[in-house]
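**Q** A structural model of the following input is requested.
(one chain, ligands or ions: 1)
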Amino acid sequence: MVDNSDSSDVPTESRCPIPNLFSEMVQNPVNIFLLGVITILLYRIIKRSFGESVEEPVKPNLPKLQKDFTLEELKKYNGTQADGRILIAVNGFVYDVTEAKQFYGPGGPYAAFAGRDASRGLATFSVVSNEDGYDDLSDLSPTELASLREWELQFQQKYEFVGALLKPGERPYS
Ligand code: HEM
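**A** Numbers count the residues shown, from 1 in each chain. As a prediction, this is how the structure comes out:
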């Protein structure tokens, strides 16, 4: 007869520390952000090692846009217009992300950010569409603000700067 009383007496927690470790890890937004970065890097390495070329974004042949936007004006630039232009606001500034339509275009994994202020979603690492009007982000934690700043740097380096996201009542400078 097999005696398995041993295993049933041992609480699950003491046998495997990984579930605890995981729940502690995901409680901290910095860890979630780092996990996302690691996943992206791993994905790129694996894709390369299987001999596929990493898709280089194709620069769209659209005239450069320089203009400040209200939230309302931004909405139509979600990639569904004839020219396919996609704009996203991050931390008060608008970027042209048309070249990354595989991410932000209709049906893409981050389409919810297209034509929107993506700041809160990026800061809290959730793909949510901001539909509640102008968001002053004043309730974000220091960690979330730091995470948003990281995203902002990435957008500054990768995409064309378009202008400012106007607060309600604010007049455009350009
Ligand atoms: C397990 C969940 C996730 C996985 C596996 C994942 C994976 C990826 C991968 C592979 C890319 C493409 C990177 C590249 O080729 O340059 C990417 C891009 C991106 N991810 Fe995620 N992601 C996840 C969750 C999230 C979440 C929750 C957010 C919300 C903020 C997010 C925001 C983004 C954004 C904005 C981009 C595009 C960045 C750019 O414009 O270059 N991801 N993700």
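**Q** if I look at residue 94, how far off is residue 114?
**A** 12 Å (Cβ to Cβ, to the nearest Å). (C-beta placed from N, C-alpha, C; glycine too.)
**Q** for the ligand, what are the nearby residues on the chain?
**A** 36, 39-40, 43-44, 100, 103, 110, 121-122, 125-127, 158 (Cβ under 6 Å from any ligand atom).
**Q** are any of the residues you listed buried, and if so which?
**A** Buried by 16 or more other Cβ atoms under 10 Å: 100, 103, 110, 121-122, out of these.
**Q** just checking, residue 148 touches residue 90?
**A** Yes - assessed by Cβ atoms under 8 Å, residue 148 is found in contact with residue 90 at 7.5 Å.
**Q** mutual contacts of the two, please.
**A** 119, 122 (Cβ atoms under 8 Å, 6 or more residues apart in numbering).
**Q** so whichever residue of the chain sits closest to the ligand is in which element?
**A** In the chain, the residue that lies nearest the ligand is residue 43 (3.9 Å; Cβ to the nearest ligand atom). Mapping residue 43 onto the secondary structure by DSSP states H and E places it in helix 29-49.
**Q** buried set for that helix?
**A** 29, 32-33.
**Q** quick check, central residue of this structure?
**A** By Cα atoms, centre = their mean, the chain has its centre lying nearest to residue 122, at 4.3 Å.
**Q** pretty sure residue 71 contacts residue 132?
**A** No - counting by Cβ under 8 Å, residue 71 stays clear of residue 132, with 9.9 Å between them.
**Q** between these two, which is the more surrounded one?
**A** More crowded of residue 71 and residue 132, by other Cβ atoms under 10 Å: residue 71, with 20 against 8.
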